[in-house]
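In: 3D, please:
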Amino acid sequence: MVNRIYVKICGLTTREAVDAASDAGADAVGVVLSPSPRQLDSEQAKKLIGLVPPSTATVVVTRQPPDDFVSSVLTELAPAWWQSDRDDLVGKTLPAGIRALPVIRVGEDVSTLPQWFVYEGVQSGAGNKVDWNNAATLARRGRLILAGGLDADNVGEAIHQVKPYGVDVSSGVESAPGEKDPHRIREFITAVRRAESGL
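Out: Predicted structure coming up:
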């Protein structure tokens, strides 16, 4: 039986990228509302989320959002997941149907871990690879989604070394910062599926 790896393509900004990710079999796609070359405003994000087929989960990604984010933006966008740093999620009651996806960054206290989490470098979307040995240790304690510096060339090795629940890519499928390349998206997902068959 194949251990299927959950695949998230993050930082999408165009319909072409949404179509490429969903057609290639991505499990989730993310839109970024925080400062980044991939940042969208809430109206742009709403339109893009509306293009995502029901078979693909939607993720709204933030970092240190404003206090009224949940009651205003998140309620309006209604994604499947809200991804933000673990501290951003503390004390927040999410609308029905939306799940929290905490980001655990390199160097943070990992004495306790949530059931699902993204393991990421200090700066998201910068292409910085995390320590896969550390990630492998954490992956045995929860559903770790590995992020940071992944691309079609190294994701297979990452999967075999870390054995994550899932993988998350942004800059690794771009032709330029903020510009997703449909061909690279397809290559990345193909590489993941090839690697998972060997687990």
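In: the longest strand along the chain: partners in the sheet, and parallel or antiparallel?
Out: Longest strand in the chain, counting residues (DSSP state E): strand 99-105. Counting by DSSP bridges, the strands paired with strand 99-105 are strand 81-85 (parallel), strand 116-120 (parallel).
In: and the ones you listed as TSV, adding mean neighbour count and distance to Val110?
Out: Glycine gets a C-beta too; all of them are placed from N, C-alpha and C. Formatted as TSV, the strands paired with strand 99-105 follow (neighbours: other Cβ atoms under 10 Å; distance: least, Cβ to Cβ, whole Å):
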stretch	mean neighbour count	distance to Val110
strand 81-85	24	14
strand 116-120	24	9
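In: rebuild these as TSV, extending it with distance to Ala195 and mean pLDDT.
Out: Below are those laid out as TSV (distance: least, Cβ to Cβ, whole Å; pLDDT from 0 to 100):
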stretch	distance to Ala195	mean pLDDT
strand 81-85	23	95
strand 116-120	18	94
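In: which residues sit against the longest strand of the chain?
Out: Applying Cβ atoms under 8 Å, 6 or more residues apart in numbering, the contact partners of strand 99-105 are 59, 63, 80-86, 89, 92, 94, 110, 113-114, 116-122, 124, 138, 145.
In: tell me the mean pLDDT for that strand?
Out: Averaging pLDDT along strand 99-105 yields 95.
In: could you list the buried residues of it?
Out: By 16 or more other Cβ atoms under 10 Å, the buried positions in strand 99-105 come out as 100-105.
In: so which of these is the closest to Ser175?
Out: For those, the closest approach to Ser175 (Cβ to Cβ) belongs to Val103, at 25.5 Å.
In: number of nearby residues for the residue found closest to Ala195 once you drop the neighbours it is linked to in the chain?
Out: Closest residue to Ala195 apart from its sequence neighbours, by Cβ to Cβ, 6 or more residues apart in numbering: Gly156 at 3.8 Å. By other Cβ atoms under 10 Å, the residues close to Gly156 number 16.
In: counting contacts, what elements does the helix or strand where Gly156 lies pack onto?
Out: Per DSSP states H and E, Gly156 falls inside helix 155-162. Helix 155-162 sits against helix 132-139, strand 143-146, strand 166-169, helix 182-196, with contacts defined as 3 or more Cβ pairs under 8 Å, 6 or more residues apart in numbering; DSSP states H and E.
In: tell me the most buried of these?
Out: Ranked by mean neighbour count, the helices and strands packed on helix 155-162 are led by strand 166-169 with a mean of 27 (mean count of other Cβ atoms under 10 Å).
In: keeping just the C-alphas, turn it into CSV.
Out: Extracted as CSV, the C-alpha positions of strand 166-169 are listed here (Å, rounded to 0.1, in the frame of the first residue of the first chain):
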residue,chain,number,x,y,z
GLY,A,166,2.9,16.1,3.4
VAL,A,167,5.0,18.6,1.5
ASP,A,168,4.5,22.3,0.8
VAL,A,169,6.1,24.2,-2.0
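In: if we can go back for a sec, distance to Gly30 added to the strands paired with strand 99-105, as JSON lines?
Out: Formatted as JSON lines, the strands paired with strand 99-105 follow (distance: least, Cβ to Cβ, whole Å):
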{"stretch": "strand 81-85", "distance to Gly30": "7"}
{"stretch": "strand 116-120", "distance to Gly30": "10"}
